[in-house]
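**Q** okay, sequence plus prediction incoming.
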Amino acid sequence: MQFKFLFIVAAATAVLAAPLLMIPDLGLAAIADDWPMNSLNQIRMAAIDFNKTVAEWNGGYLGAISIVMQSRELVNTIGAASTSIAPSVVARTPNAVSLDQDALEIALHLVRDVGSAIDTAIDAKPKHDALPTLSKPIVVNIFKNLRTAASELGGVLGPLATGERVGEAHTIVKQIDDHLARGLAVYA
């Protein structure tokens, strides 16, 4: 019983305290020139790690805490890309930063990685259902936080697209949001 209580406290703290977490300094000067590609790759790796954590979860409380923490890492990685780096880079070099074809390719891989993570999360729903009722609000909050972070990132990436890439960028952002909405619908 005490373990359940500790899980509930830890999970609720991780989810509810998320807005208070500081986004780490990722060394703007070192990655400013390759911001879109570096940021998208970091987000991909965080999405892959999240997917792996969910896939390896055995349905226990400790694993659920790991999922919550990994989701926070993913949200923070997305947040770091959209709120810490992008505005500074764009303000300093408004014409030098754009979404090139390589960055869009990485973003397309990200769409697949997010889709895979959502499929894994949907497959894990019976394990979540076996946990106390607090599990559902936590998972719903995870999906909402991810959608908010992804939307903010889309708001930063969209203006960086030029020419024919504008449509591609908007399609990528929509596909990611559609995956997250699909996961939210299953758990809501």
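**A** Happy to help now that I have it.
**Q** where are the low-confidence patches of the protein?
**A** In the prediction, the chain carries residues with pLDDT under 70 at positions 1-34, 84-99.
**Q** could you rerun that using 90?
**A** Per-residue confidence of the chain (counting by pLDDT under 90) places the weak regions at 1-39, 80-105, 131-136, 153-170.
**Q** all helices of it, in order?
**A** Under the criterion DSSP state H, the chain carries helices at the ranges 2-16, 28-31, 35-55, 61-79, 86-92, 101-123, 125-129, 135-157, 165-187.
**Q** in a markdown table, list these along with mean neighbour count.
**A** No exception for glycine: its C-beta is placed from N, CA and C like everyone else's. Listed next are those as a markdown table, based on neighbours: other CB atoms under 10 Å:
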| stretch | mean neighbour count |
| --- | --- |
| helix 2-16 | 14 |
| helix 28-31 | 11 |
| helix 35-55 | 20 |
| helix 61-79 | 20 |
| helix 86-92 | 15 |
| helix 101-123 | 18 |
| helix 125-129 | 14 |
| helix 135-157 | 19 |
| helix 165-187 | 17 |
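**Q** how far does stretch 108-118 sit from the chain's center?
**A** Computed by CA atoms, centre = their mean, to the nearest Å, the chain-centroid distance of stretch 108-118 equals 10 Å.
**Q** so what touches it?
**A** Stretch 108-118 is contacted from outside by 40, 43-44, 47-48, 50-51, 54, 172, 175-176, 179-180, 182-183, using CB atoms under 8 Å, 6 or more residues apart in numbering.
**Q** can you pick out the most distant pair from these?
**A** The most widely separated members of those are Val54 and Ile172, with 22.4 Å between them, by CB to CB.
**Q** next one: the closest residue to Leu157 other than its chain neighbours from Pro36, what distance?
**A** Excluding the flanking residues, the one nearest Leu157 by CB to CB, 6 or more residues apart in numbering is Ala169, at 5.8 Å. Using CB to CB, to the nearest Å, one gets 10 Å for the distance from Ala169 to Pro36.
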